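# no sequence on this one, just coordinates:
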């Protein structure tokens, strides 16, 4: 499954699933019904029939099969309405499981995610630099420990492992202080192949910030937005693009690579390239500032980032980062005519709020004649976004239909 098949999960669906009543469509129609329930949160059989355009008899048969397979649950009967009381159907959280694995430049995290896209367990490890052999041993141990928590029956319901990682862990080695030996070793490693050698389950791979965008689209604020540009601030800043409620992956699976966007004009007389967005608007710069001052670098996760002695360094970072992000948003608005930008990151919510305030102020410094200024929205998933987005890939590959065949925009 490619990333463009990822779709939104909403309590009030803006997309309508459509099924087929033709013979031989059992698996497809089962997936259509599951997606209709996921989009709605819960729905009666009559409501599912209306949403999917399947007959009531077809829905009745499909629900019976899904119930027997443990994929759906019957909720309490709803009374007090006209007609017979209805029984809403919902997804069974224990119907299937998936593992999301994030491999970052300074940390790795493993999430166990259930059928309702809820995180059940998480394990993580931090490191100064990603030394491949050491890191893969840590990953193998963390995944094994999570698998041990599943009993035999639940272990059979594991769909696979979704790996979210930068497309090139060895890039920007000078900025990170990474030696050329480690960078070269990562250049020779096929990450999903290496993970696949450890575990006998299907492996999916996606760029880490694309995975974060997937999570926001499916379980976050993106469910209510048809078009948006997504920025995720981690060790480096990256992003994704959603157009017509569909993730746009690009020719190389790298659409939304905002971190590489140049901030400044290039000149033949310059000795260096103009800086990229990631060199000004990533948490890496905040880490460096905290560390140089002898402060705990993890303060960006909580309220300490806004208290002395961290505050002055946080404010300096906010000023630079917001100015650079505002420039990137201005450029993107001109090309994409986008009216929403969702901004999220692995930091604490208070720091996210402060960054959004600064970006909104910085946007006022630009001339918006001839183009609409986008609205900036806070992401809702946060630090789980990359791992959760990775975990969604195996779930959707196993249980969701092809979006182009069954999703139509509602009037």
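Done, it's in. What you see is a predicted model; the values in this text were computed from it and never measured. Numbering: from 1, shown residues only.
# Low-confidence bits of the stretch 51-200 of the chain, can you list those?
79-85, 170, 172-174 (pLDDT under 70).
# That one: strands as residue ranges?
72-74, 89-91, 97-103, 107-114, 119-126, 158-165 (DSSP state E, counting those that start in this stretch).
# Paired strands for the first one, with orientation please.
Strands flanking strand 72-74 in the sheet, each with its direction: strand 89-91 (antiparallel) (DSSP bridges).
# And the strand it pairs with, what's buried?
89-91 (16 or more other Cβ atoms under 10 Å). Where C-beta positions appear, they are placed from N, C-alpha and C, glycine not excepted.
# tell me the centre residue of this protein?
residue 212 (2.2 Å; Cα atoms, centre = their mean).
# My reading is that that residue is in a strand; is that accurate?
No. Using DSSP: H, G, I helix; E, B strand; the rest coil, the assignment for residue 212 is helix, not a strand.
# Could you name the helices and strands sitting against the helix or strand where residue 288 lies?
For residue 288, the host element (DSSP states H and E) is helix 283-292. In this structure, helix 283-292 packs against helix 311-336, with contacts taken as 3 or more Cβ pairs under 8 Å, 6 or more residues apart in numbering; DSSP states H and E.
# so the helix or strand just after the helix it packs on versus helix 283-292, what angle?
Using DSSP H and E, the next helix or strand after helix 311-336 towards the C-terminus is strand 340-345. Per axes from the mean of the first three to the mean of the last three Cα atoms, to 10 degrees, the angle that strand 340-345 makes with helix 283-292 is 30 degrees.
# Neighbouring strands - and their directions - for strand 340-345?
Short version: by DSSP bridges, strand 340-345 pairs with strand 228-233 (parallel), strand 375-378 (parallel).
# Reformat the ones you listed as CSV; add mean pLDDT, distance to residue 182 and mean neighbour count.
Shown next, in CSV, are the strands paired with strand 340-345 (pLDDT from 0 to 100; distance: least, Cβ to Cβ, whole Å; neighbours: other Cβ atoms under 10 Å):
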stretch, mean pLDDT, distance to residue 182, mean neighbour count
strand 228-233, 96, 24, 28
strand 375-378, 97, 35, 17
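# Could you export these as CSV, including distance to residue 48?
Below are those laid out as CSV (distance: least, Cβ to Cβ, whole Å):
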stretch, distance to residue 48
strand 228-233, 28
strand 375-378, 31
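# does residue 230 have beta-bridge partners, and which?
residue 240, residue 342.
# From residue 392, how far off is it?
Distance check for residue 230 against residue 392: by Cβ to Cβ, to the nearest Å, it reads 15 Å.
# for residue 49, same thing?
27 Å.
# What pLDDT is listed against residue 225?
As predicted, residue 225 sits at a pLDDT of 88.
# rewinding a little: with the buried residues of strand 89-91 in mind, which one is nearest to residue 267?
residue 91 (55.9 Å; Cβ to Cβ).
# burial of residue 301, as a residue count?
By other Cβ atoms under 10 Å, the residues close to residue 301 number 14.
# Please read the previous query as pertaining to residue 48.
Neighbours of residue 48 using other Cβ under 10 Å come to 26.
# can you check the one 10 residues further on too?
Residues lying near residue 58 (other Cβ under 10 Å) number 20.
# Using TSV, lay out the buried residues of strand 89-91 together with distance to residue 182.
Supplementary listing: those in TSV, determined by distance: Cβ to Cβ, whole Å:
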residue	distance to residue 182
89	51
90	47
91	42
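# quick check, nearest of those residues to residue 68?
residue 89 (13.1 Å).
# Which residue is the nearest non-sequential neighbour of the closest one?
Spatial nearest neighbour of residue 89, chain neighbours left out: residue 72 (5.0 Å); criterion: Cβ to Cβ, 6 or more residues apart in numbering.
# now swap in residue 279 and tell me
residue 175 (6.4 Å).
# which ones are touching that neighbour?
278-279, 284 (Cβ atoms under 8 Å, 6 or more residues apart in numbering).
# Residue 149 too?
Going by Cβ under 8 Å, 6+ apart, the list of residues near residue 149 reads 112, 121.
# For it, give its distance to residue 69.
Distance from residue 149 to residue 69, by Cβ to Cβ: 23 Å.
# Residue 193 now?
In terms of Cβ to Cβ, residue 193 sits 32 Å off from residue 69.
# ditto for residue 228
Taking Cβ to Cβ, one finds residue 228 at 35 Å from residue 69.
# Pretty sure residue 158 sits against residue 97.
Yes. Contact status for residue 158 versus residue 97: in contact at 5.0 Å, counting by Cβ atoms under 8 Å.
# Which one's more surrounded, these two?
residue 97 (24 against 19).
# how many neighbours does residue 368 have?
13.
# same question, residue 95
Around residue 95 there are 19 residues (other Cβ under 10 Å).
# That one and residue 68 touch, don't they?
No. Using Cβ under 8 Å, residue 95 is not in contact with residue 68, being 11.6 Å away.
# re the thing from before, residue contacts, the residue nearest to residue 89?
34, 37, 63, 66, 89-92, 95.
# hey, what's it bridged with?
residue 91.
# more crowded one of residue 49 and residue 392?
Between residue 49 and residue 392, residue 392 has the larger neighbour count (other Cβ under 10 Å), namely 26 against 20.
# Specify the local secondary structure of the more buried one.
Residue 392 - assigned by three-state DSSP - is helix.
# Can we start the residue count at 41 from this point?
Taking 41 as the first residue, the last one we looked at is residue 432.
# Identify the residues contacting it.
Residue 432 touches 46, 138, 140, 153, 157, 202, 254-255, 258, counting by Cβ under 8 Å, 6+ apart.
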